[in-house]
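> quick check, what structure comes out for this input:
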Amino acid sequence: MAERSTAAVDVADNSGDEPLTAQADESTADGVAQNRERDTDNDEAQGSGGTESPGKASPPELHSGHKLARRYRLEECVTRLDGFSSWRAVDEKLRRAVGVHILPADHSRARSVLAAARSSALLGDPRFVQVLDAVEENDLVYVVHEWLPDATELTALLAAGPLEAHDAYQMVSQIASAMAAAHREGLAHLRLTPGTILRSSSGQWRVRGLAVNAALRGITSDTPQRADTEAIGALLYASLTQRWPYENDAYGLSGLPKGVGLIAPDQVRAGVHRGLSELAMRALANDGATASRHESACTTPEELVKAIGEMPRIRPPEPVFTAPPDYQRTTYQQGSYGRQAPRPGLAQPLPTPPPPLQTRTGKALKWAVSALLIAALGLGSWQLADALIDRGSSNDTNQTKTPDDNDKNTDKAKPVSTLKIQGAEEYVAKGSAQHPGDVDKTYDDDSSTYWRTASYNDGPDMNPAYKPGVGIVYDFGSAQEVSAASIGLLFGGDHTTVTLYATDSSSSSVPLTSMTKLGTVTTKGTTAKVAIAKPVKSQYVLVWFTALPYAPGDSFSGSGYKQAITDLKFTG
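Numbers count the residues shown, from 1 in each chain. A predicted model of the protein is given here:
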């Protein structure tokens, strides 16, 4: 126990008088299918304190498709910061998505990261995202952890508004209990932020990055329990008010007004549950009391769990049931189903007899008459057609037909041919590329393979300030006349907007403003067909997406706004 406690304390702290949770650090070490293209180039520039110098080590040069231990195939870089990088990867042995933190073996924090990962793995508490492997191999240190594509960060939940009182109560209860269990084993987190708190599809709350997140950034603390308790208080405060409890904006939340100090959540927003408001103030760094309330401060997760247990239980809101529509009886339903039961003692009205043709005999009569009419019409039509044919054949003998008469009035339809694609490249207008190694899968005549975009939080329309769009430039080898394009898509729903541009080069340095717009279409299905009013000759055509549909998580990425091209054909 002493050895594990020492390892944990070595990787946890915020080294400074200002609380760690007051810092506005929006970078994440192990993303969960949210916005994976967050700018995390400089952690200190975002206000995170207590990080030591990463030393002379530089992040390893890795790329999508690289394999670790002949098992973990790297798919997408989530974070690149302070000499380490975090990736979404695929465990090819177990065929599941995993997360991987990687840093050079000679990095100044490599040993503490390994110690933190191994200590966290020994805990085995399902309330934490589990560490699956911690290895030093080929001059690299890497930590493999669970990847939860169906989980949602608290950051994303708060972007839509504050949590309901019951949800906030469940969150603080489960997180405080989990951290109390971790501290009993000598483990601290020290980077509890809205980005490290996840809610699964079943409603359970989980914590990721126990000990490891702090070790990756070199954060330590002399009072780890106080730091984690204050962080939980800040999370509860943010969940109740949709505001960060300090003056600085952080994690997509606005801070408190300058100069007012730390005020209770129920003074920030009307309708906040008073018991939860007091609980948040007891956990935050305010000596445990406000001017009018003198509760004792909670300085450890264990004390916070005890304070939550003393609160009256907050019940979930009553479910709202929508009344079913009134039953509409049709003439085809002949039973008593759906009719109101007669009250006892009241005379039941006699049912109205059906019209004569609604009886069984009447229906048989209708069928017989219909059959006779059809037979008569058929016989008459045959006789009329026979007479017209005889008449027409006699007239044809007296007419002279010129062979060229039909040719003069018939336009020869131009043959439609499928253009052969010689190559393709991703077009990156801003930010980083999507999956450049998969562009050839869009025209390999295999609908099971595809090129996909990243998963974005904002949508369906893409954010021009962050990333105006994503797409691929296709090369025909020489100038070809393009009249249309058919694009097979992996995801339907919401809407997908795609535009075709003719360009002079496959390079991303050519701006969209200098290209020729050929056509655009918006679809909710899995096929986008773009017709070009006037065919244009060009060697290069850009397929450009500016709006993406919302799709659930899968083994490659989490839920969000995303799209993928399965099959693409150009016609000329």
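> follow the chain on from the host helix or strand of residue 475 and name the next helix or strand.
Residue 475 belongs to strand 470-489 when assigned by DSSP states H and E. Note on strand 470-489: by DSSP H and E, the next helix or strand toward the C-terminus is strand 496-503.
> distance between the ends of stretch 200-213?
20 Å (CA to CA, to the nearest Å).
> how distant is that stretch from the center of its chain?
17 Å (CA atoms, centre = their mean, to the nearest Å).
> average pLDDT for that stretch, rounded please.
Model confidence over stretch 200-213 averages 95 on the pLDDT scale.
> contacting residues around it?
8, 11-12, 29-30, 32, 101, 113, 116-117, 119-120, 123, 126-129, 131, 143, 145, 148, 150-151, 170-171, 174-175, 178-179, 182, 187-192, 196-199 (CB atoms under 8 Å, 6 or more residues apart in numbering). Yep, even glycine has a C-beta here, placed from its N, CA and C like the rest.
> could you redo the last one with a cut-off of 7 Å?
8, 11-12, 29-30, 101, 113, 116-117, 119-120, 127-129, 131, 143, 148, 150-151, 170-171, 174-175, 178, 182, 187-189, 191, 196-199 (CB atoms under 7 Å, 6 or more residues apart in numbering).
> neighbours of the residue lying closest to residue 516 once chain neighbours are set aside, how many?
Excluding the flanking residues, the one nearest residue 516 by CB to CB, 6 or more residues apart in numbering is residue 502, at 4.3 Å. Residue 502 has 18 neighbours, counted by other CB atoms under 10 Å.
> check the one 3 residues further on too.
Residue 505 is surrounded by 13 other residues when neighbours are defined as other CB under 10 Å.
> again, but for residue 273
For residue 273, the neighbour count with other CB under 10 Å is 18.
> that one and residue 163, how far apart?
10 Å (CB to CB, to the nearest Å).
> am I right that residue 377 sits in a helix?
Yes - counting by DSSP: H, G, I helix; E, B strand; the rest coil, residue 377 is part of a helix.
> where do the strands of the stretch 201-350 of the chain begin and end?
Here the stretch 201-350 of the chain has its strands, by DSSP state E, counting those that start in this stretch, at 205-207, 243-244, 254-255.
> format those strands as JSON lines; extra columns: mean neighbour count and distance to residue 265.
JSON lines is the format used below for the strands of the stretch 201-350 of the chain (neighbours: other CB atoms under 10 Å; distance: least, CB to CB, whole Å):
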{"stretch": "strand 205-207", "mean neighbour count": "20", "distance to residue 265": "19"}
{"stretch": "strand 243-244", "mean neighbour count": "22", "distance to residue 265": "8"}
{"stretch": "strand 254-255", "mean neighbour count": "14", "distance to residue 265": "14"}
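> can I get these in a markdown table with distance to residue 439?
Below are those laid out as a markdown table (distance: least, CB to CB, whole Å):
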| stretch | distance to residue 439 |
| --- | --- |
| strand 205-207 | 36 |
| strand 243-244 | 41 |
| strand 254-255 | 41 |
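> closest one to residue 378 among those?
Residue 378 sits nearest to strand 205-207 of all the strands of the stretch 201-350 of the chain, at 73.0 Å, using CB to CB.
> how about low-confidence regions in the stretch 201-350 of the chain?
286-294, 320-323, 326-350 (pLDDT under 70).
> show only the entries of the contacts of stretch 200-213 found in helices.
Within the contacts of stretch 200-213, residues falling in helices by DSSP state H are 8, 113, 116-117, 119-120, 170-171, 174-175, 178, 182.
> what's the pLDDT at the nearest residue to residue 62 once chain neighbours are set aside?
Closest residue to residue 62 apart from its sequence neighbours, by CB to CB, 6+ apart: residue 74 at 6.0 Å. With respect to pLDDT, residue 74 scores 96.
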